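J.: Sequence first, predicted model second:
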Amino acid sequence: MTDTPLLIRLAEDDDEFILALVPRFVDFPLPPWRRRHECIEGIRDDLLRHLEDQPANSYLFVAEADGERVGFIHLQRTEDFFTGRSNCHVSDLAVAPGHEGRGIGKALLAHAEAWAREHHCQLVTLAVFPGNERARALYESTGYAPDLLRLAKPVR
């Protein structure tokens with residue numbers, strides 16, 4: 001766990017350090033039909049849109065330790081397909097290089113759960129690439145379990 005207190009605050013439009021963390025989302029084996037540059041570009045464009053436009057039901061939070069930005073989480077309020085109730089979806093979560101293993105990811109997930117409770121959400125959901133073993137281990141260690149399994153097949 002980090003020795004210094006962690007401040008988690010709403011992101012501001014000048015929190016562009018978030019965009020610098022985008023390559024972390026593909027730093028592991030991807031499915032063979034996914035291209036790193038396409039994933040990076042798509043994630044970066046989506047995050048930039050959320051930073052600049054701040055659409056409804058989209059919330060970006062930044063984690064700071066000693067005034068240094070050390071990670072972020074992107075939450076989206078969604079509607080559950082089966083029940084129609086509100087869910088909190090963790091769209092993106094990243095910890096800055098050099099700060100892994102200090103409990104920042106767990107703190108950001110705890111923040112998502114507190115936010116979900118405060119906003120009367122039924123579930124906190126997230127998606128993760130199968131090859132992202134480090135993230136999967138974090139999620140499983142904090143109580144996340146499979147809900148739906150998305151399968152894909154390229155059409156050629």
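T.: Yep, that arrived.
J.: any idea how far the helix of greatest length in the chain is from the chain center?
T.: With secondary structure taken from DSSP state H, the chain has its longest helix at helix 36-53. Computed by CA atoms, centre = their mean, to the nearest Å, the chain-centroid distance of helix 36-53 equals 13 Å.
J.: What's the mean pLDDT across that helix?
T.: Per-region confidence: helix 36-53 scores 96 on mean pLDDT.
J.: pLDDT weak spots in this structure?
T.: Applying pLDDT under 70 to the predicted model, the residue ranges of the chain that meet it are 1-3.
J.: report the longest strand in it, please.
T.: Of all segments of type strand in the chain, defined using DSSP state E, the longest is strand 68-79.
J.: Just want the angle from the helix or strand just after it to strand 68-79.
T.: Where DSSP states H and E defines the elements, the next helix or strand beyond strand 68-79 is strand 86-95. Strand 86-95 runs at 160 degrees relative to strand 68-79, counting by axes from the mean of the first three to the mean of the last three CA atoms, to 10 degrees.
J.: and strand 86-95, which strands flank it?
T.: In the sheet containing strand 86-95, its partner strands are strand 68-79 (antiparallel), strand 124-126 (parallel), by DSSP bridges.
J.: Please save the CA atoms from stretch 102-111 in CSV.
T.: Written as CSV, here are the backbone C-alpha positions of stretch 102-111 (Å, rounded to 0.1, in the frame of the first residue of the first chain):
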residue,chain,number,x,y,z
ARG,A,102,1.4,0.3,-4.0
GLY,A,103,-2.3,-0.2,-3.7
ILE,A,104,-3.3,2.6,-6.1
GLY,A,105,-5.3,0.3,-8.4
LYS,A,106,-7.1,-1.1,-5.3
ALA,A,107,-7.8,2.4,-4.0
LEU,A,108,-9.2,3.5,-7.4
LEU,A,109,-11.5,0.4,-7.4
ALA,A,110,-12.6,1.1,-3.9
HIS,A,111,-13.4,4.7,-5.1
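J.: What residues sit buried inside that stretch?
T.: 102, 104-105, 107-109, 111 (16 or more other CB atoms under 10 Å). The C-beta positions use only the backbone N, C-alpha and C, and glycine is treated the same way.
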